[in-house]
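A.B. asks: The amino acid sequence is not available; the structure is as follows:
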């Protein structure tokens, strides 16, 4: 299932990789697309939204 998130605090490729890695700790098979300019993160995963949000927040980024 496709899920969309608005993530703040990302400013570079390293940030994008950190968010992608955080999501993939919850679901190693997840497909993650990060748009640094808009802060949009699209995730293709069957994992619950709350688990993905928690992983991103644990990596140090805010999810709105």
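C.D. replies: Noted; the coordinates are in hand. Remember, predicted model here, so these are calculated numbers, not experimental data.
A.B. asks: Which residue lies nearest the spatial centre of this structure?
C.D. replies: The chain has residue 19 as the residue nearest its centroid, 4.6 Å off, counting by CA atoms, centre = their mean.
A.B. asks: Give the rounded mean pLDDT of stretch 9-23.
C.D. replies: When pLDDT is averaged over stretch 9-23, the result is 97.
A.B. asks: Okay, buried residues for it please.
C.D. replies: Across stretch 9-23, burial judged by 16 or more other CB atoms under 10 Å covers 10, 15-16, 18-20, 22-23. Yep, even glycine has a C-beta here, placed from its N, CA and C like the rest.
A.B. asks: For it, give me every contacting residue.
C.D. replies: 7, 30, 32, 34, 36, 39, 41, 43, 45, 52, 55-56, 58-62 (CB atoms under 8 Å, 6 or more residues apart in numbering).
A.B. asks: Quick one: buried ones out of those residues?
C.D. replies: Applying 16+ other CB under 10 Å to the contacts of stretch 9-23, the neighbour count classes 7, 30, 32, 34, 39, 41, 43, 45, 52, 55-56, 59, 61 as buried.
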